[in-house]
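Novice: With the sequence up front, the predicted model follows.
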Amino acid sequence: MAPGSRIAALKVLDRFGNGNKEDVLQAFRWILQNRERYRIRIVNISVGTTYRTRNEQDVLVQGVEKLWDEGLVVVAAAGNKGPKPGSVTAPGCSKKIITVGSSDMLSGKRAVSGRGPTFECVCKPDLVAPGRQIMACTPGAGNLYSMKSGTSMSTPLVSGAIALALEKDSLLSACCELENNYLKNHPGIIYEGASDTIQKLSTQSPLFIVSNCQAGYIEVFLKATGFGHYFKGHLCPGDTGMAKADNIMKIRDDFNLKDPVYVGDTLGDFNACRKARVPFIFAEYGFGAVEDPDYRISAPADLMEVCR
């Protein structure tokens, strides 16, 4: 897909295809430590594991979401435990990353491609690509290639396509523009009580948005919802090229904020706040799970009490 790309291959499974979570997490840590040295921009994960409880999946999900929050594009296989609902394996069940299923293994006798919804009620996979009878590298001496099938074969096709898109700024910009244009007429559903709470808070304190998205996304959202006049500013990686924690600190420093707080709903938000040394308010009604936030709210209106 992207013949000019350089590959840093990390082995986390043994010769029988078995492994453990700690080896995968160690690979994630290596990526973060060496991303600048090897100019890593995309992380392809063609491994996954099943889980019985939400806590079991959280370790790997937290790992991939940390990679994503640091500005890496993470692409993971949906797993081959489908096609029944709720069969996406971890870490492909993360709502943040790009999860890939097999387009030719969704139905029929060979249907194994995992599908959502996940524990967080997120539709998965995000994309599908061919995964049956794909020519791939094979271990051992002799023949170096063989035909393989599964979502692990589909995932590198998407990663390769993303590599090509990153090489072509015009293509990536076109995709962002298409999404932004769609958002103008489909801004999403606003949580009950959020509009009134934002209006009231804006009369007491300056409000800002820091999010992980492309340039122009926040502006479209603010215009489509009519919230623009409530916020003093906003930042995202598309604007600055920086991770969320750095953008939080930039907002704080640029506007000379004395006691800022951040409202979010994911572990990535929590970790960014810890790095920025900003108190974190966990919105329990959102998508994520955070064990020990500074504050919790169960509805937008609860912010009025927390921020008094």
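Specialist: Arrived safely, thanks for sending.
Novice: what comes up buried for stretch 24-31?
Specialist: Val24, Leu25, Ala27, Phe28, Ile31 (16 or more other CB atoms under 10 Å). The C-beta positions use only the backbone N, C-alpha and C, and glycine is treated the same way.
Novice: Let me know the secondary structure of Ile40.
Specialist: coil (DSSP: H, G, I helix; E, B strand; the rest coil).
Novice: what about it, neighbour count?
Specialist: Counted with other CB atoms under 10 Å, residues neighbouring Ile40 total 18.
Novice: And it, how close does it get to Ile162?
Specialist: Distance from Ile40 to Ile162, counting by CB to CB, to the nearest Å: 13 Å.
Novice: cool, and Glu179?
Specialist: Taking CB to CB, one finds Glu179 at 15 Å from Ile162.
Novice: Likewise for Ile98?
Specialist: Ile98 is 8 Å from Ile162, by CB to CB.
Novice: which residues do those two both contact?
Specialist: Contact criterion CB atoms under 8 Å, 6 or more residues apart in numbering; residues shared by Ile98 and Ile162: Val73, Val75.
Novice: Asp239 contacts Gln214, doesn't it?
Specialist: No. Taking contacts as CB atoms under 8 Å, Asp239 lies outside contact range of Gln214: 9.0 Å.
Novice: This structure - how does it break down into domains?
Specialist: 21-167, 194-306 (automatic domain parsing).
Novice: So which of those is nearest Asp14?
Specialist: With CB to CB as the measure, domain 21-167 is the member of these nearest Asp14 (9.2 Å).
Novice: quick one: terminal-to-terminal distance for the closest one?
Specialist: One end of domain 21-167 to the other measures 32 Å (CA to CA, to the nearest Å).
Novice: count of residues packed around Gln204?
Specialist: With other CB under 10 Å as criterion, Gln204 counts 10.
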